[in-house]
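Student: quick one: sequence plus predicted model below, questions after.
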Amino acid sequence: MSYSEPAIQIQELSKCFHIYNAPGDRLKQFIIPNLQRIVKIPSKKYFQEFWALKNISFEVKKGETVGIVGRNGSGKSTLLQIICGTITPTSGNVEINGRIAALLELGSGFNPEFTGHENIYMNASILGLSKYEIDSRFDDIIAFADIGDFINQPVKTYSSGMMVRLAFSVAINVEPEILIVDEALSVGDELFQRKCFSRIDDLKNMGTTILLVTHSATTVIDICDRAILLDSSSLISMGDPKNIIDSYQKLLYAPKNKTKTLINEIKNTNSGENHQLDIKRKHKETKSLKCIKNEAHSFYDPNLNSESSFEYENNGALISDPIILNSTGAQVNNLSQGKKYTFNYTVNFNIDASSVRFGSVIKTTAGFHLGGCLSAPSLSESFHNIKSGTKLLASFDYICHLNPGIYFLNAGVFGSVKNIDGETVLHRIVDAAVFRVLPIENNLKTEVIDFEFSPKVLFHE
C-alpha cells in the first residue's frame with residue numbers, strides 16, 4: 001500500500017507535568033505566586049517539573065500502521081493521550097485527519113455503574129455515531145465481545161478480560177479512520193488476542209491508520225509498517241520495525257552507565273531502514289539457486305554472511321564464534337530440509353556468575369521469531385556457579401523443518417551477577433549467524449515451517 005496524505009502530524013510536541021511534594025503545595029502554587037507578582041517580587045514555585053515529552057515530531061500517513069516502543073516512563077502513553085485529546089500538550093501542535101477510536105487505559109470511557117449494554121451506546125456516541133448507526137452495529141459489537149449475559153450487568157462486575165473484550169469490540173466496530181491501541185491486546189486470553197489481530201488485519205486492508213503501543217517485539221515486526229523508539233521523553237529513532245526493535249532491546253538490556261552513549265549511537269544511525277532493505281535484497285539469490293532433492297548435502301558459502309549482526313553490552317560474559325555444523329561436524333550455512341544440525345557458540349566469563357542459562361532463537365529476515373530454546377527450563381536447573389575465566393561451549397541440536405529461504409540465529413547467555421538484581425542478559429548477539437534453507441524440487445509445502453503435511457484428495461462415490 002502507498003501512503004501519501006498524513007493522518008497524524010506531530011510538531012515539536014512537549015508535555016510538562018507539575019509534581020507536588022504535598023497536597024498543600026498545590027494550593028500554595030495557586031495563590032502565593034499571584035500575590036507575589038502583584039507586589040512585584042520574584043515568584044516561588046511549589047512544584048517540580050517533569051517533562052514527559054520533549055520536542056517530539058513525526059508524521060503517520062493514512063493507511064499506515066506504526067508501532068511505538070520504549071522503556072517504561074519513556075512517554076508512550078502520554079503521547080497517545082495527547083493525540084486522543086484526553087490531555088493537552090504544554091507546547092507543540094497535533095493535527096488529526098480522521099475519526100479516532102482509542103483503546104487506552106483499560107475501561108477508560110466506561111461508567112462502572114452502567115451495564116455493558118448502556119456503555120456501548122454511551123461510548124459509541126462519544127466516538128461520533130448516531131443512535132441509528134449504533135443500533136445497526138450493536139449485534140456485531142456483542143458478538144465480537146462474546147461476554148454472554150454479562151452484557152446486561154454493571155461494568156464494575158466485569159473481569160479485566162471482559163472489560164477489554166467489550167472496549168475493543170466497540171472501538172473496532174465504529175469503523176474508525178484512525179485506531180489507537182495502548183497495550184490493551186495483552187489483557188485478553190490467547191484466542192481473543194488472535195481474534196483481535198485478525199480484525200486489525202481487516203482494518204489495515206480497509207485503509208485504517210493504526211497507532212499501536214506495545215512491549216511485544218513480535219507484534220511490532222509482524223503487523224507494523226514503521227516503528228518509533230521513545231526514551232527519556234524524546235524520540236530516538238523511527239524506521240523499519242526490525243531495526244527499531246533491535247535498538248529497543250539493545251537499549252533495554254544496556255548497563256545504566258552506558259545508556260546515554262547508546263542513545264546517541266542510535267540517534268546517529270540513519271541508515272538502518274535502507275540497511276535492512278539491502279539485507280533482504282542481497283539474499284534474494286536464494287530463489288535463483290538450482291532446485292535440489294532433500295537428500296542433497298549441505299555446504300558452506302563464504303559469501304553468505306550476517307550483515308545485520310550486533311551485540312548487546314557485555315554484562316559479565318562474551319559470546320564468540322557462532323557456527324552451524326552438519327551431522328559430520330563440518331561448518332555449513334546452506335541447509336537441507338529434514339536434516340539435523342548443531343548451532344554452537346563459545347562463552348567466556350569475565351566475572352563470577354550464577355543461575356546461568358544459554359539460549360538461541362531462529363528468525364525470519366523480517367525479524368519474526370519462529371522459535372527458540374533455553375539450556376534449562378528454570379533457574380533451579382541452570383548452572384549455579386560459574387567462576388570468572390571459565391570458558392563454555394553452548395550447543396543446540398535441531399532438525400531443519402523450515403521451508404526454503406533465508407533465516408537468522410540469535411545467541412544469548414543469561415544469569416545473575418553482582419550489582420544487578422535478578423536474571424539479566426550477560427551477553428547477546430542478534431543475527432549472530434545466517435543460513436539458507438535450500439530450494440526443493442517439486443516442493444508442495446508453503447509458508448515458513450514444514451509441518452510434514454501429507455495432502456490427499458479423494459473422490460466420494
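Tutor: Cool, the structure landed. Numbers count the residues shown, from 1 in each chain.
Student: what's the weakest-modelled helix or strand in the protein?
Tutor: When the helices and strands of the chain are compared on mean pLDDT, DSSP states H and E, helix 272-282 comes out lowest with a mean of 41.
Student: and Lys363, what does it touch?
Tutor: By CB atoms under 8 Å, 6 or more residues apart in numbering, Lys363 lies in contact with His369, Leu370, Tyr407, Phe408, Leu409, Asn410, Asp431. In this view, the C-beta of every residue, glycine as well, is placed from N, C-alpha and C.
Student: do Pro455 as well
Tutor: Pro455 touches Leu444, counting by CB under 8 Å, 6+ apart.
Student: which SS class is it?
Tutor: Look at Pro455: counting by DSSP: H, G, I helix; E, B strand; the rest coil, its state is coil.
Student: quick one: it from Thr446, how far?
Tutor: Pro455 sits 11 Å away from Thr446, going by CB to CB, to the nearest Å.
Student: do the same with Ile324
Tutor: Taking CB to CB, one finds Ile324 at 25 Å from Thr446.
Student: with Ala171 instead?
Tutor: 33 Å.
Student: please say which of the two ends up with more neighbours.
Tutor: Ala171 (24 against 9; other CB atoms under 10 Å).
Student: surely that one meets Leu103?
Tutor: Yes - proximity of Ala171 to Leu103 meets the contact threshold set by CB atoms under 8 Å, at 5.0 Å.
Student: and the gap between the closest residue to Pro255 other than its chain neighbours and Ile420?
Tutor: Using CB to CB, 6 or more residues apart in numbering and skipping the chain neighbours, the partner closest in space to Pro255 is Glu313 (5.5 Å). From Glu313 across to Ile420, the span is 12 Å (CB to CB).
Student: okay, these two: which has more neighbours?
Tutor: For Glu313 versus Ile420, the count of surrounding residues by other CB under 10 Å is larger for Glu313: 18 against 15.
Student: ok so that one is a strand residue?
Tutor: No - counting by three-state DSSP, Glu313 is located in no strand; its state is coil.
Student: from the contact counts, what lies against the helix or strand hosting Phe408?
Tutor: Taking DSSP states H and E as the criterion, Phe408 maps to strand 405-416. Applying 3 or more CB pairs under 8 Å, 6 or more residues apart in numbering; DSSP states H and E, we find strand 405-416 packed against strand 317-325, strand 340-349, strand 353-364, strand 424-437.
Student: what angle do the first one and strand 424-437 make?
Tutor: Strand 317-325 and strand 424-437 meet at an angle of 20 degrees, taking axes from the mean of the first three to the mean of the last three CA atoms, to 10 degrees as the criterion.
Student: flag every buried residue along strand 317-325.
Tutor: Ala317, Leu318, Ile319, Pro322, Ile323, Ile324, Leu325 (16 or more other CB atoms under 10 Å).
Student: going by distance to Ser198, which of those residues wins?
Tutor: Nearest to Ser198, judged by CB to CB, of the buried residues of strand 317-325 is Ile324 at 35.5 Å.
Student: which of the residues in stretch 210-228 are buried?
Tutor: 210-214, 216-217, 219-228.
Student: just the ones of these in helices?
Tutor: Among the buried residues of stretch 210-228, the members found in helices (DSSP state H) are Ala217, Thr219, Val220, Ile221, Asp222, Ile223.
Student: just checking, what packs against the helix or strand hosting Asp135?
Tutor: Assigned by DSSP H and E, Asp135 belongs to helix 131-145. If contacts are counted by 3+ CB pairs under 8 Å, 6+ apart, helix 131-145 sits against helix 116-126, helix 160-173.
Student: so for that helix, what gets flagged as buried?
Tutor: Ile134, Arg137, Ile141, Ile142, Phe144, Ala145.
Student: check contacts around the closest residue to the last one other than its chain neighbours.
Tutor: When you say that, I think you mean Ala145. Excluding the flanking residues, the one nearest Ala145 by CB to CB, 6+ apart is Ser169, at 4.0 Å. The contact partners of Ser169, by CB under 8 Å, 6+ apart, come to Ile141, Ile142, Phe144, Ala145.
Student: what's the farthest-apart pair in these?
Tutor: Those two in the contacts of Ser169 that are separated most widely, counting by CB to CB, are Ile142 and Phe144, at 7.5 Å.
Student: check which helices and strands the helix or strand containing Ile266 is in contact with.
Tutor: Assessed by DSSP H and E, Ile266 sits inside helix 259-267. Where contact means 3+ CB pairs under 8 Å, 6+ apart, helix 259-267 is packed against strand 234-239, helix 241-252.
Student: please work out which residues outside that helix touch it.
Tutor: Leu229, Asp231, Ser232, Ile236, Ser237, Ser247, Lys250, Leu251, Ala254, Glu313.
Student: now the ones in helices among the buried residues of stretch 210-228 as CSV including distance to Tyr300 and pLDDT?
Tutor: CSV is the format used below for those (distance: CB to CB, whole Å; pLDDT from 0 to 100):
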residue, distance to Tyr300, pLDDT
Ala217, 30, 85
Thr219, 35, 86
Val220, 33, 90
Ile221, 29, 88
Asp222, 31, 85
Ile223, 35, 88
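Student: and which of those is nearest Asn403?
Tutor: Asp222 (17.9 Å).
Student: which residue, other than its chain neighbours, is closest to that closest one?
Tutor: In space, Asp222 is closest to Phe368, 5.9 Å off (CB to CB, 6+ apart).
Student: for that neighbour, give me the pLDDT.
Tutor: Per-residue confidence (pLDDT) for Phe368: 86.
Student: residues contacting it?
Tutor: Contacts of Phe368 were listed using CB under 8 Å, 6+ apart, and they are Thr218, Ile221, Asp222.
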